[in-house]
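coords below, sequence missing:
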Ligand SMILES: NC(=O)c1ccc[n+]([C@@H]2O[C@H](COP(=O)([O-])OP(=O)(O)OC[C@H]3O[C@@H](n4cnc5c(N)ncnc54)[C@H](OP(=O)(O)O)[C@@H]3O)[C@@H](O)[C@H]2O)c1
């Protein structure tokens, strides 16, 4: 019965790199679409084999991808997005939904270069590779409710999805786009602290990454404010408050806030240049 009610459509990727692979694998693995409904085209034979290995249909050209897809995902690097869309303009039509994940490229530019108004722009992040992406989508003027539902289900296959106005996208890039790198640094620093305090390196790194995962899961699953969770584990004159006092001396929270604001500003500069 499940198969009968499945919403099957054809999904094509223009630019079959890392992000396209994460999305295609997640979509196929979660059963949102059968792999035979996904198509890619390749310049390098190695990438061709990667996608073929999990059942994706391989075509010859970008134009064939557009022709044979209901949803076309633009997943090339932002620097080449304009030329790729100008080349595909004759093959696109409002019968197709264009989804762009190209960082920093605005709906108005996508519209101008592609001639399409049925567009959804999405900003995912690197944990898509392990099914834990934080993705934000904004809906173009001609995209339908069904388009929105389909795109949400595609990105739910690789993590969590929010919908937001496009005016927030630079800040989204500064927070969830760049955020994984901030947390990689934090994990490395926790592990280095463990080593400085006498732990073996492997144990320190394992404890550091699991502690970050556990703390994030507690915030997500309990719905409690992080300050409340912090207060609950901070006993008077105890070890945790001694550590927090050091973090505050080093402007821990202010530094992270400034990092998000600086990355947002840089994203704005890059998308204007
Ligand atoms: N990675 C992330 O965490 C992340 C997060 C949010 C948004 N994004 C966005 O996702 C997009 C893809 O990023 P990525 O990390 O997946 O990059 P990537 O691994 O470099 O993938 C881009 C792919 O596009 C192919 N390509 C280049 N020019 C092409 C053309 N004219 N026609 C068809 N394919 C072409 C490249 O092939 P060759 O290797 O043969 O050149 C490559 O396979 C970018 O726009 C990026 O801003 C990425």
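Great, that's in hand. Fair warning: this is a prediction, and the values are worked out from it, not measured in the lab.

for residue 74, give the beta-bridge partners.
Residue 74 has these beta-bridge partners by DSSP bridges: residue 14, residue 100.

ok, it touching residue 84?
Yes: the criterion here is CB atoms under 8 Å, and residue 74 meets it with residue 84 at 7.0 Å. Where C-beta positions appear, they are placed from N, C-alpha and C, glycine not excepted.

between these two, which is the more surrounded one?
Each of residue 74 and residue 84 has its neighbours counted (other CB atoms under 10 Å); residue 74 has more, 26 against 17.

quick check: mean pLDDT of the strand or helix carrying residue 185?
Using DSSP states H and E, residue 185 falls within helix 179-196. For helix 179-196, mean pLDDT is 98.

need the contact partners of that helix.
Residues from elsewhere that reach helix 179-196, judged by CB atoms under 8 Å, 6 or more residues apart in numbering: 125-127, 134, 201, 203-205, 207-209, 211-212, 256, 259-260.

now with 6 Å?
Contact partners of helix 179-196, identified using CB atoms under 6 Å, 6 or more residues apart in numbering, comprise 125, 126, 201, 204, 205, 208, 209, 212, 259.

chain center to it, what's the gap?
Helix 179-196 has its C-alpha centroid displaced from the chain centroid by 22 Å (CA atoms, centre = their mean, to the nearest Å).

is the ligand within reach of it?
No: with CB under 6 Å from any ligand atom as the criterion, the ligand is not reached by helix 179-196; the gap is at least 7.9 Å.

relative to the ligand, which of the contacts of helix 179-196 is nearest.
residue 126 (3.8 Å; CB to the nearest ligand atom).

residue 178 reaches residue 261, doesn't it?
No: between residue 178 and residue 261 there is no contact under CB atoms under 6 Å: 11.2 Å.
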